[in-house]
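Peer 1: the following comprises the amino acid sequence and a computationally predicted model.
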Amino acid sequence: MSMDNLYDEYAEQSVIGCVLLYSDSLASIEAIEILSPNDFYKAEHRTYWQAIKEMAELNLHIDGLTLSNRLENLKIVFSFSYLGEISRNTPSNANVKNYAKIVKENSRLREAMRFCMDAINEITGPGEPEERLAKALSYVSAIGQDESDGDIKDPVDVMSNVFQMMETAFSNDKGMIGISSGFENIDKFTSGFQAPDVIVVAAPPSMGKTTFTLNFAEYAAFLDPEPKNVLFFSLEMSAEQLMQKTISNLGNLFLNKIKSGKALGHNADVARIAQAQEIIVSRRKHYRIDDKAGQSIGELSARAKRTAMKMGGLDLIVVDYLHLIQPTNQSDSSIETITKNIQGLKRLAKQLKCPIIVLSQLNRGLAGRPEMKNLLGSSIIEQTADIILFLYDEDYQGSRGDHSLTEIIVAKNRMGETGSTFLQPELAMSRFRDTQRLPAAPAPEEGKKKFRKFD
């Protein structure tokens, strides 16, 4: 496939010529900023632009003569007569922004074609069909992406955005500006999960962290008065296992009755199942489950972007869990893999403009309340995450019942307070719920005297 029709020679020449004739103009400075050498199709134009960019970075004056001298000093072969021709044929500097735009747009079209060709090569190449398809999707999903952070912002425009956020929060009785967790005790800390935050949830095994984050997704998609589009990546449990938990929660029904099928033998339980079914069916377009195991961060990102396009955007993504995302490079160490994966999730949150909740493991052998150092790969997770939540329950290895409380430790909160709150675990029904209770004070050990401490 030829790319000869995906470039404009006159536009490329005009941009270079304008910079050589009017290098100190604002339009020329902007062109140097936004265009890279690879945006030019012709090899000699790329060479000239690379030298121009380097001269600009060194604060050197740029014109036809100084550019020629630099190319000569670098021992780069060039045509002095061609540079002179470009300068002579250059139109007014007034249109340099339009020429730069044409060069950039053609560059992006050529990049899109390269991605499509790479996708075709993956599809027709060797390997397992699923792997080939996943790699092809990763190329296709990259088409049209702009990795830049956008224009430099005017403070008045930014202030206007802040005031709009304040008005949204003020008009909401609960001060919400993001996606509600469904728990008032948590929303008081976060004001809702906001884009492009990455929220890490960590706890020891069997503490209930999957149920905890599933409750976030269930509230957003099924129970929020204004339903949100949610994608739940389950890299460990099957979609059917997750749905059993959801039916249990929404139907107010014991999970073991659903797993065993015994609920079908009681009319009251059948009615509860029907209640859950009605909610799920009515909101089905807002919720998707991806339970494909063994995904890399590239594959996961591609599938998320594809789902976002189908659903008209995503409001929340949940990933269960970080340490099951496969390494992109099999030679990477576990820490290198964690680093690439958590940073990849942060990029995905920015690209899709939605918060991402990701579950994390803790180091083995943890005794007592978890801390940042207990995160597996703690330094990079602590650095990248916007919010870190730990679950802690003194009873979790024993008998958890109505007396139990799960402490939610807000260990990091980039835009708010840290601290603790409590939820009532009802894991038999696959849920937690808000509570105003506080844990009972521990009874003093028998035979020990209590002393008053003086400062």
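Peer 2: Thanks, I have the structure now. Just so you know, these numbers come straight off a predicted model, no measurement behind them.

Peer 1: remind me, longest helix of the chain?
Peer 2: Taking DSSP state H as the criterion, the chain has its longest helix at helix 96-124.

Peer 1: report the distance from that one to the chain centre.
Peer 2: 25 Å (Cα atoms, centre = their mean, to the nearest Å).

Peer 1: which helices and strands does it pack with?
Peer 2: helix 9-21, helix 26-34, helix 129-141 (3 or more Cβ pairs under 8 Å, 6 or more residues apart in numbering; DSSP states H and E). Yep, even glycine has a C-beta here, placed from its N, CA and C like the rest.

Peer 1: what residue lies at the spatial centre of this protein?
Peer 2: Geometric centre of the chain, nearest residue: residue 349, 2.1 Å, by Cα atoms, centre = their mean.

Peer 1: pull up the per-residue confidence for that residue.
Peer 2: Here, the pLDDT recorded for residue 349 equals 94.

Peer 1: same question for residue 136.
Peer 2: Reported pLDDT for residue 136: 80.

Peer 1: can you give me the distance of it to residue 233?
Peer 2: 20 Å (Cβ to Cβ, to the nearest Å).

Peer 1: so the two - more neighbours on which side?
Peer 2: More crowded of residue 136 and residue 233, by other Cβ atoms under 10 Å: residue 233, with 24 against 21.

Peer 1: element containing the more buried one, please.
Peer 2: strand 230-234 (DSSP states H and E).

Peer 1: strand partners of that strand, parallel vs antiparallel please.
Peer 2: If you go by DSSP bridges, strand 230-234 pairs up with strand 287-290 (parallel), strand 316-320 (parallel).

Peer 1: by contact count, what packs against the helix or strand that comes right after it?
Peer 2: Per DSSP H and E, the first helix or strand lying C-terminal to strand 230-234 is helix 239-251. Applying 3+ Cβ pairs under 8 Å, 6+ apart, we find helix 239-251 packed against helix 209-218, strand 230-234, helix 255-260, helix 267-282, strand 287-290.

Peer 1: list the contacts of the third one.
Peer 2: By Cβ atoms under 8 Å, 6 or more residues apart in numbering, the list of residues contacting helix 255-260 from outside reads 244, 245, 247, 248, 262, 263, 269, 273, 427, 428, 429, 430.

Peer 1: now the longest one
Peer 2: Residues outside helix 267-282 that contact it (Cβ under 8 Å, 6+ apart) are 222-223, 246-247, 249-253, 257-258, 262-264, 287.

Peer 1: just the buried ones from these?
Peer 2: For the contacts of helix 267-282, a burial check counting by 16 or more other Cβ atoms under 10 Å picks out 222, 246, 247, 249, 250, 251, 253, 257, 258, 263, 287.

Peer 1: ok, the closest residue to the third one other than its chain neighbours to residue 256 distance?
Peer 2: Nearest residue to residue 247 in three dimensions, chain neighbours excluded: residue 276, at 4.5 Å (Cβ to Cβ, 6 or more residues apart in numbering). In this structure, residue 276 lies at 16 Å from residue 256, with Cβ to Cβ as the measure.
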